[in-house]
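K.L.:
Any chance you could fold what I've pasted below:
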Amino acid sequence: MQKVKAGDTVKVHYHGRLKNGTTFDSSEGREPLQFTVGQGMVIKGFDNGVLDMAPGDKKVLDIPVEEAYGPKSEELIMDFPKANIPADLNPVVGMELQMSNPQGQVFPVKVAEIGAEFIKLDANHPLAGEDLVFDIELVEIV
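P.N.:
Below you'll find the predicted structure:
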């Protein structure tokens, strides 16, 4: 039976959760996730986790922070002047916003804290700093 190797395009059903059991994503009720192994289309631990699997195989992947979204970076947490916030926007902690950099690239940020003159925005990936667990099933090698 054919087994997954780097460069193969695969279809995988998955259930992703944090170490405490909280689900953060699942392909249940959707088409399986399709990606090319070794191309960086998914996090490193997921990419490596499907190697040598055959269609129908199931396994649990324990993915440490370093092979997931990495540790939280203090460089991605910034103070933004309240004076620069549009008047019709009333930020609250946990609110997700979109910002753009000087090159025009748009990226998501989350309101982490609200002060008197600044709001603290966090541009880290929501799963940064987390060890992840995935239950996966290899559906197909395309």
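
K.L.:
Could you use CA atoms for every contact and neighbour count after this?
P.N.:
Fine.

K.L.:
What pairs with the lowest-mean-pLDDT helix or strand in the chain, parallel or antiparallel?
P.N.:
Every helix and strand in the chain was compared by mean pLDDT, DSSP states H and E; the lowest is strand 96-100, with a mean of 89. Strand pairing for strand 96-100, determined by DSSP bridges: strand 106-114 (antiparallel).

K.L.:
what's the next secondary structure element after the strand it pairs with?
P.N.:
strand 118-122 (DSSP states H and E).

K.L.:
how far does that next one sit from the chain's center?
P.N.:
Computed by C-alpha atoms, centre = their mean, to the nearest Å, the chain-centroid distance of strand 118-122 equals 21 Å.

K.L.:
Also stretch 14-27?
P.N.:
11 Å.

K.L.:
start to end distance for that stretch?
P.N.:
6 Å (C-alpha to C-alpha, to the nearest Å).

K.L.:
Give the buried residues for it.
P.N.:
14-18, 26 (16 or more other C-alpha atoms under 10 Å).

K.L.:
One more: stretch 56-75?
P.N.:
Applying 16+ other C-alpha under 10 Å to stretch 56-75 flags 58, 61-65, 67-72 as buried.

K.L.:
residues near the closest residue to residue 64 other than its chain neighbours, how many?
P.N.:
Counting by C-alpha to C-alpha, 6 or more residues apart in numbering, residue 64 lies nearest to residue 131, which is 4.5 Å off, once chain neighbours are set aside. A count of nearby residues for residue 131, using other C-alpha atoms under 10 Å, gives 20.
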